[in-house]
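[1] predicted model follows, preceded by the sequence.
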Amino acid sequence: MTLWTMDYGLWTGTVLIVLFLSLAGCAALTRLRAHPRGLIAEEEASVLDDGHEDYVGVIHVHTTASHDAHGRFEDVVRVANAQRLDFALITEHNTLKPLRDGRQGWHGAALILIGMELSTRGGHYLAFNVTEEIDRNRLTTQQVIDEVNRQGGLGFIAHPYFKARRWTDWSVAGFTGMEAYNVAHDTLDENRLRLILWTLTAPAEPFYFSIIDRPYDPLAAWDELIRRHGRVVGIGSTDAHEFHVLGLKFAPYDVMFQLVRTHLLIPSDELTPERVYDALRQGHAYFAIELLTEAKGFSFLADNGAQVLGLMGDRVALAPGLRLTISLPAPASLTAFKDGRPIATSAAGHTWRLPVTEPGVYRVEATRQGKPWIFSNPIYITPPDEAPAPEDQPTAPPSDAGSPPPATTPTDIPPAAP
Ligand SMILES: [Zn+2]
Ligand SMILES: [Zn+2]
């Protein structure tokens, strides 16, 4: 643990400087033009108002109440406020101690909510909106999920492909969603030895930037879980620990809180814990790697040109004139997926329209300056005569339980789930 955490921290400590320089250089050099292939670019098109506010925050944060974290609760509060985050969801290992200590609530302009990360037999599971401790040693993974739901909570499969803590029980049901991106998995888990060598011999920042990549396996698993269960909500998790070694901070919150953030779409200008949990349950959410460019203002809607029919996480019945509208706060390349398969791409631009003529699960990914940037939750287009399902039910039992979603090989496009 110590070896990799030290290396991880050394490397992240100065990454912001290089990334800032990279951004400045790329912005000056790159003037992108739209070359749509399958998507219809409408650079100046206006986008309908969906009536939701975009709240941004971080999910999956550890502090001193976890055995392997050194950052303090006060540090989380300070950084969340400094970065103008609306919320932070703290998840200590197997304990709700900060909740018992009365830490949940508003701290400055940030809403701090307390959940926990449960080490179940099948892997790590994030639980939110729970108030009672859960003895995960006496329960199966499914029983842990059920207990979270019994308390009125919601839960997410954590870092399913992290080597030492893989998710192994794919037969479970009743979970709300999964981490489709986890910072520790992407940056650390796959590069530990190289990181150690690099840190000992040369400045590590360019390497850190270079290894951020699309989370192929988690995304393939997410698409497969949606196929099995219906709606499965994807989140991006920071999994920040902030390690203090010899007076130095490694993997500090102020870096980790920019690596990935989750945005929640909430139909109110007042944030409450219930509205955070509702948005997570409904998948009214997207997540973004914001080292270079903040993502606030991204939208992905189903509309008919006159009115909004649904947003990320919603089920929308197929109808004549139905289209998807994607709008970005900065120019980026875009790929649209249907049922896990890429169906259209565009080189760069701000706004796209995509006519929809078939039911399916549609989501989009934006890439900026060669790196993944924004990942939407899906819009679920149903057959015209299909009654909408309840909007807050957890995942249904799988149609083919047991086998894990396949790991992919890193190619440009992940193979479709069988
Ligand atoms: Zn974990
Ligand atoms: Zn964790």
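    Alright, I've got the coordinates. Ligands and ions are numbered 1, 2, ... in the order given.
[2] can you name the residues that contact residue 386?
    With contacts defined as Cβ atoms under 8 Å, 6 or more residues apart in numbering, the neighbours of residue 386 are 317, 359. For every residue, glycine as well, the C-beta is placed using N, CA and C.
[3] so who does whichever residue of the stretch 1-150 of the chain sits closest to ligand 2 touch?
    Sorted by distance to ligand 2 under Cβ to the ion, the residues of the stretch 1-150 of the chain start with residue 117, at 4.8 Å. When contacts are counted by Cβ under 8 Å, 6+ apart, residue 117 is found next to 60, 62, 66, 91, 92, 93, 94, 124, 125, 126, 127, 158.
[4] thinking residue 296 is in contact with residue 262, fair?
    No - taking contact to mean Cβ atoms under 8 Å, the distance of 11.8 Å between residue 296 and residue 262 leaves them out of contact.
[5] quick revisit: with adjacent residues omitted, what lies nearest to the residue of the stretch 1-150 of the chain closest to ligand 2?
    With sequence-adjacent residues excluded and distances taken as Cβ to Cβ, 6 or more residues apart in numbering, residue 117 is closest to residue 91, at 4.3 Å.
[6] likewise for residue 215?
    Using Cβ to Cβ, 6+ apart and skipping residues adjacent in sequence, the residue nearest residue 215 is residue 181, 4.9 Å away.
[7] part of a strand, is the one you found?
    Yes - membership of residue 181 in a strand is supported by DSSP: H, G, I helix; E, B strand; the rest coil.
[8] could you shift the numbering so residue one becomes 47, and keep it that way?
    OK, 47 is where the count begins now, so the last one is residue 227.
[9] so what's it up against?
    When the contact criterion is Cβ under 8 Å, 6+ apart, the partners of residue 227 are 261, 264, 281, 282, 283, 306, 333, 335, 421.
[10] contacting residues around the residue of the stretch 247-396 of the chain found nearest ligand 2?
    Nearest to ligand 2 in the stretch 247-396 of the chain, going by Cβ to the ion, is residue 285, at a distance of 4.6 Å. With Cβ under 8 Å, 6+ apart as the criterion, the residues that contact residue 285 are 106, 107, 108, 204, 205, 228, 229, 230, 231, 302.
[11] mind checking the SS state of the residue lying closest to it once chain neighbours are set aside?
    Among residues not flanking residue 285 along the chain, residue 230 sits closest, at 4.4 Å (Cβ to Cβ, 6+ apart). In three-state terms, and counting by three-state DSSP, residue 230 is helix.
[12] helix/strand/coil for residue 327?
    With three-state DSSP as the basis, residue 327 sits in helix.
[13] surely it is in contact with residue 222?
    Yes - counting by Cβ under 8 Å, residue 327 sits close enough to residue 222 to count as a contact (5.9 Å).
[14] which one of the two has more residues nearby?
    It is residue 222, of residue 327 and residue 222, that has more neighbours when counted by other Cβ atoms under 10 Å, with 28 against 21.
[15] list phi and psi for the more buried one.
    With angles defined as degrees, to the nearest 10, residue 222 shows backbone torsions of phi -80, psi -40.
[16] now residue 320
    With angles defined as degrees, to the nearest 10, residue 320 sits at phi -60, psi -40.
[17] residues from the chain in reach of ligand 2?
    The interface of the chain toward ligand 2, taken as Cβ under 5 Å from the ion, is made up of 163, 285.
[18] where does the chain have its least confident helix or strand?
    helix 61-75 (a mean of 32; mean pLDDT, DSSP states H and E).
[19] ok, residue 377 - contacts?
    Listed by Cβ under 8 Å, 6+ apart, the contact partners of residue 377 are 78, 394, 395, 396, 414.
[20] and residue 405, by the same measure?
    Applying Cβ under 8 Å, 6+ apart, one finds that residue 405 lies in contact with 364, 427, 428, 429, 432.
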